[in-house]
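1. Provided below are the primary sequence and the corresponding predicted coordinates.
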Amino acid sequence: MKNGKTGTIGITITIIVLIIIIILSNIGTERMDIMKNGVTKIFMPAQNAFVFIKNKITGNEQEISDIEKLKEENQKLREENTKLKQEERELEILKSENNTLKEYLNLKNKYGNYNTIPAYLIEKSYSNYEKVIVINVGEKDGIKINMPVISESGLVGHIISVTQSTAKVQTILDTASNVSSGISTSNQSILIKGIQGNNKQVKATSIPAESTLMPGDTVVTSGLGGIYPKGILIGTIKEVINTKNEMDRYSYIDAATNFNKLSTVLVIAGNQE
Amino acid sequence: MKKVKAALVLILIFIIIYFLQINIFTWFNISGIMPNLFIVFALFMGLFLGKKLGVVLSMIMGIILDILVGKTIGISGIILAIVSLMGEYFDKNFSKNNRIMIILMTIGSTIFYELVMYMINMAVFQIEADIPNTLLILGIETIYNIFLVIIFYPIIEKVGYYLEDIFKGRKYLTGYF
């Protein structure tokens, strides 16, 4: 009889404990976490002590030292990884420098018969009416006013002012720019001017009446005017606009140099002879 | 001390605008046409700093710009100084608390600056007049300037009144006038 009572009490206590556990496990993870943390803090030192003794007895020390080794190895690998990333970055920089130097070399080879000074673009004019660029070479590099500036593809412009370390270049796109030029198919000269608000084309004017211009003809500098040497490519004729008066006709020329992507240039300091 | 701080704020604004004009707007443009925040800056110096300081600072700013990227030294300085004078005139006759007024002032200043600049360039460099393209550029540039003024109006207003309090020593009037 006594045993039966004890059994009923035991079952009741067990059910109550289970209900408490179920409630506790469902009251929200945050509260459970607090409880878990509290419990862990209390029991962890004792637990560690137990594990240590257990390992001593069962010879699991090796595993612990392995973990330590793995940690060290992990640290070393991380350091190596950082080093490799740094090297990769340096390689990227070298690659970009190499490309710039290659561009310079290509330019040098192309215009081998001129004494040239390589430079790169550092600023562009903020005005919509002026097409002026600033390059990173100046008086100390031997740059002088009126020296022609070219790119890998063709004519860029000429130097209009110089400081010790920089120079301003009036590009052929500037409306104030006038370049005496010739068409590849004939010896007649025409005048090239910039077009307001156009970054890709220039305008050919003063076309002789007897001259036959065709779309696709290339336009090069004529060597007249005293600034630009003869034979530097300016662009190709895109469209010829005929007017009533033949003397007034003009044409649009696609500039050989892509001014939107221009970064490296050469300043012509004179002929090599 | 306050004036030194304000001067530093002005230099910082100039540097930020210079960076935006020379680097950002050269590729962030509307069919190759860039805004001109220097005009807006000169106008606001006239509006908030007064005639003397606004004109002097705008002229210095213009000369620096001419030295750095201009074709002729001095022209931008003079025209920006005049824009600043216009700012002072606007301040006396209109309310700068009204966003619409600020937009109209920006339109007026941009058109004035660019047209005068273009005419001087035509005279100095003997450029042929290209009215359709000039008007197109002017229109796009003015619209771009208006957009930027609308976007930055809260900052411009805040910084403007901060500077006005320091240099003019007066509190701004609310929009009842």
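-> Yep, it's here.

2. for the lowest-mean-pLDDT helix or strand in chain B, buried residues please.
-> Lowest on mean pLDDT, DSSP states H and E among the helices and strands of chain B sits helix B:25-27, with a mean of 80. Residues B:Phe25, B:Thr26 are the ones in helix B:25-27 that count as buried (16 or more other Cβ atoms under 10 Å in any protein chain shown). Every residue, glycine included, has its C-beta placed from N, CA and C.

3. who touches that helix?
-> Applying Cβ atoms under 8 Å, 6 or more residues apart in numbering or on different chains, the set of residues contacting helix B:25-27 from outside is A:Lys124, A:Tyr126, B:Met34, B:Pro35.

4. for chain A, what lies in contact range of chain B?
-> Residues of chain A lying close to chain B by Cβ under 8 Å from any Cβ of the partner chain are A:123-130, A:132, A:134, A:160, A:168, A:170, A:174-176, A:193, A:195-199.

5. what's the local residue count around residue 150?
-> I went with chain A, as the question did not name one. 25 (other Cβ atoms under 10 Å in any protein chain shown).

6. wait, chain B
-> 13.

7. wouldn't it be in contact with B:Ile143 here?
-> No. Contact between B:Ile150 and B:Ile143 fails when scored by Cβ atoms under 8 Å: they sit 10.6 Å apart.

8. got the phi and psi for B:Gln21?
-> Backbone torsions for B:Gln21, taken as degrees, to the nearest 10, come to phi -70, psi -50.

9. ok, and the closest non-adjacent residue to it?
-> Once flanking residues are discounted, B:Gln21 sits nearest to A:Tyr126: 3.9 Å by Cβ to Cβ, 6 or more residues apart in numbering or on different chains.

10. could you dump the contacts of helix B:25-27 into CSV and include neighbour count and pLDDT?
-> Below are these laid out as CSV (neighbours: other Cβ atoms under 10 Å in any protein chain shown; pLDDT from 0 to 100):
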residue, neighbour count, pLDDT
A:Lys124, 23, 85
A:Tyr126, 24, 85
B:Met34, 25, 90
B:Pro35, 26, 92
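
11. if we can go back for a sec, so how far is the least confident helix or strand of chain B off the chain centroid?
-> Using Cα atoms, centre = their mean, to the nearest Å, the distance from the centre of helix B:25-27 to the centre of the chain it belongs to is 18 Å.

12. what does stretch A:70-88 give?
-> 28 Å.

13. now that stretch: buried residues?
-> Per 16+ other Cβ under 10 Å, stretch A:70-88 contains no buried residues.

14. pull it out as PDB, backbone CA atoms only.
-> C-alpha atoms of stretch A:70-88 as PDB (Å, rounded to 0.1, in the frame of the first residue of the first chain):
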ATOM      1  CA  LEU A  70      45.700  22.600 -35.700                       C
ATOM      2  CA  LYS A  71      45.100  26.000 -34.200                       C
ATOM      3  CA  GLU A  72      48.800  26.900 -34.800                       C
ATOM      4  CA  GLU A  73      48.600  25.600 -38.400                       C
ATOM      5  CA  ASN A  74      45.400  27.600 -38.900                       C
ATOM      6  CA  GLN A  75      47.100  30.700 -37.700                       C
ATOM      7  CA  LYS A  76      50.000  30.100 -40.000                       C
ATOM      8  CA  LEU A  77      47.700  29.500 -43.000                       C
ATOM      9  CA  ARG A  78      45.900  32.700 -42.300                       C
ATOM     10  CA  GLU A  79      49.100  34.600 -42.200                       C
ATOM     11  CA  GLU A  80      50.200  33.000 -45.500                       C
ATOM     12  CA  ASN A  81      46.800  33.900 -47.000                       C
ATOM     13  CA  THR A  82      47.200  37.600 -46.000                       C
ATOM     14  CA  LYS A  83      50.700  37.500 -47.500                       C
ATOM     15  CA  LEU A  84      49.500  36.000 -50.800                       C
ATOM     16  CA  LYS A  85      46.700  38.600 -51.000                       C
ATOM     17  CA  GLN A  86      49.300  41.400 -50.500                       C
ATOM     18  CA  GLU A  87      51.400  39.900 -53.300                       C
ATOM     19  CA  GLU A  88      48.400  39.600 -55.500                       C
END
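
15. for chain B, which residues score under the pLDDT cut-off?
-> Applying pLDDT under 70 to chain B flags the ranges B:170-177.

16. one more pass at 90, please.
-> B:1-7, B:9, B:19-33, B:48-54, B:64-75, B:88-101, B:118-134, B:151-177 (pLDDT under 90).

17. taking the stretch 1-150 of chain A, what residue is nearest to chain B?
-> Ranked by Cβ to the nearest Cβ, the top residue of the stretch 1-150 of chain A for proximity to chain B is A:Tyr126, at 3.9 Å.

18. that residue contacts B:Met34, doesn't it?
-> Yes. If you go by Cβ under 8 Å, A:Tyr126 and B:Met34 touch, sitting 6.4 Å apart.

19. got any residues that touch both of these two?
-> B:Gln21, B:Phe25.

20. and the top helix by length along chain A, average pLDDT?
-> The residue-count maximum for a helix in chain A (DSSP state H) belongs to helix A:61-110. In this model, helix A:61-110 has an average pLDDT of 78.

21. which strands and helices sit next to it?
-> Packing partners of helix A:61-110 (3 or more Cβ pairs under 8 Å, 6 or more residues apart in numbering or on different chains; DSSP states H and E): helix A:29-58, strand A:114-124, strand A:264-271.

22. about what we covered before: return a ChimeraX selection command for the buried portion of the residues of chain A next to chain B.
-> Those of the residues of chain A next to chain B that count as buried under 16+ other Cβ under 10 Å are selected in ChimeraX with:
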select /A:123,124,125,126,127,128,129,130,132,134,160,168,170,174,175,176,193,195,196,197,198,199
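
23. alright, calling it a day.
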